[in-house]
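> A predicted structure for the sequence below; I have some questions about it.
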Amino acid sequence: MDEQNTTFKVGDGVHWSGYSDVYAGTVTRVTAKSVWVVEDEAKLLNGADSGESDALIFYPGGFSAHVTGRQRYAFSPGTGTGTRFTLRANGRWVEAGSNPVRGAALSPGRVKHHDYNF
């Protein structure tokens with residue numbers, strides 16, 4: 001589902017990006033032109049030392065390491081004041097104060113990704 005023309009409700013799971021990382025959150029408040037989101041707590045279930053059959057594999061290199069595999073997370077509600085996203089003229093929900101073209105757009109569904117290569 002595209003973030004454009006999306007209506008969010010309190011309690012919805014959402015995600016947004018910050019460069020190469022993706023953050024998961026929960027909608028806590030909604031108005032016609034603003035959506036407030038608190039970032040969820042995310043626990044990596046298949047880290048390199050997890051013993052899981054799909055554990056991530058780390059290789060030396062890059063800024064930190066090269067990582068292969070698909071990250072799996074368990075989510076729980078976060079705390080705090082949250083982040084405000086505003087509806088822009090282009091129909092995207094973008095973090096308040098961000099560039100409307102390059103800003104991190106809010107999208108439906110909980111997704112988390114940490115770029116271990118930095």
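Alright, I've got the coordinates.
> From Ala74, how far off is the residue of the chain most remote from its centre?
Largest separation from the mean C-alpha position in the chain: Pro60, at 26.1 Å (C-alpha atoms, centre = their mean). Distance, Pro60 to Ala74, using C-beta to C-beta, to the nearest Å: 28 Å. The way it works is simple: take the backbone N, C-alpha and C, and place the C-beta from them, glycine included.
> Also Lys43?
Using C-beta to C-beta, Lys43 is found at 5 Å from Ala74.
> repeat for Ser34
Counting by C-beta to C-beta - Ser34 and Ala74 are separated by 29 Å.
> Kindly report the same for Glu41.
9 Å.
> same deal with Glu52?
Relative to Ala74, Glu52 is positioned 12 Å away (C-beta to C-beta).
> And His15, by the same measure?
The value you get for His15 to Ala74, if C-beta to C-beta is used, is 15 Å.
> Rounded mean pLDDT for the host helix or strand of Ala42, please.
Secondary structure assigned from DSSP states H and E places Ala42 in strand 41-44. Here strand 41-44 scores 96 as its mean pLDDT.
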